[in-house]
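Asks: Based on what follows, work out the 3D shape:
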Amino acid sequence: MPGDIHVITERISPARLERLVRESFDTIDQQILMIGNEMNRAGKLRNPDDRERRASAYERVLYLTDLTIQAHSRRGLRRELPRWRDLAALGKEGTART
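Replies: Purely as a prediction, here's the structure:
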């Protein structure tokens, strides 16, 4: 039915994710929102049983941030996004320890 919400349960390969990012989300605003959404998802997964899902969410944050850094040549983005990426890496590292 039109308007139904469908949940994607399949795993998206890195190549497919990269293609989706490059083709569908070509504005920096949309790319930042995608990264933020994944960070939000990771932040909500606090139960010990969610460790694997949380680590996957942080992996997507790192991957999307790397793609965004590569895709844009603006000096400010290329300076600030690696800082954001470092924070996500710390979150993923914390996931491995819990």
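Asks: C-alpha only now, for contacts and for neighbours.
Replies: Fine.
Asks: what sits up against the lengthiest helix in the chain?
Replies: Determined from DSSP state H, the single longest helix within the chain is helix 75-97. Contacts with helix 75-97, where a contact means Cα atoms under 8 Å, 6 or more residues apart in numbering, come from 39, 51, 54-55, 58-59, 61-62, 65-66, 69, 72.
Asks: Let's check: the centremost residue of this structure is which one?
Replies: For the chain, V61 is the residue whose C-alpha lies nearest the centre (Cα atoms, centre = their mean; 2.6 Å).
Asks: what separates it from R79, distance-wise?
Replies: From V61 across to R79, the span is 17 Å (Cα to Cα, to the nearest Å).
Asks: Find the least confident helix or strand in this structure, judged by mean pLDDT.
Replies: helix 14-24 (a mean of 67; mean pLDDT, DSSP states H and E).
Asks: which is the next helix or strand following that helix?
Replies: helix 28-44 (DSSP states H and E).
Asks: which secondary structure elements does that next one contact?
Replies: For helix 28-44, the packing partners by 3 or more Cα pairs under 8 Å, 6 or more residues apart in numbering; DSSP states H and E come out as helix 51-71.
Asks: and the helix it packs on, what other elements does it pack with?
Replies: Judged by 3+ Cα pairs under 8 Å, 6+ apart, helix 51-71 is in contact with helix 14-24, helix 28-44, helix 75-97.
Asks: Can I get stretch 54-74 as PDB, trimmed to CA atoms?
Replies: Taking Å, rounded to 0.1, in the frame of the first residue of the first chain, the C-alpha atoms of stretch 54-74 are listed here in PDB:
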ATOM      1  CA  ARG A  54      25.700  -1.000  18.400                       C
ATOM      2  CA  ALA A  55      29.100  -1.900  16.900                       C
ATOM      3  CA  SER A  56      27.500  -2.200  13.400                       C
ATOM      4  CA  ALA A  57      25.900   1.200  13.800                       C
ATOM      5  CA  TYR A  58      29.200   2.700  14.700                       C
ATOM      6  CA  GLU A  59      30.800   0.900  11.800                       C
ATOM      7  CA  ARG A  60      28.300   2.600   9.500                       C
ATOM      8  CA  VAL A  61      29.000   6.000  11.100                       C
ATOM      9  CA  LEU A  62      32.700   5.500  10.400                       C
ATOM     10  CA  TYR A  63      32.100   4.300   6.800                       C
ATOM     11  CA  LEU A  64      29.700   7.100   6.000                       C
ATOM     12  CA  THR A  65      32.000   9.700   7.500                       C
ATOM     13  CA  ASP A  66      34.900   8.400   5.500                       C
ATOM     14  CA  LEU A  67      32.800   8.600   2.300                       C
ATOM     15  CA  THR A  68      31.700  12.100   3.100                       C
ATOM     16  CA  ILE A  69      35.300  13.300   3.700                       C
ATOM     17  CA  GLN A  70      36.300  11.800   0.400                       C
ATOM     18  CA  ALA A  71      33.400  13.300  -1.500                       C
ATOM     19  CA  HIS A  72      33.900  16.900  -0.500                       C
ATOM     20  CA  SER A  73      36.800  19.200  -1.000                       C
ATOM     21  CA  ARG A  74      35.600  22.000   1.300                       C
END
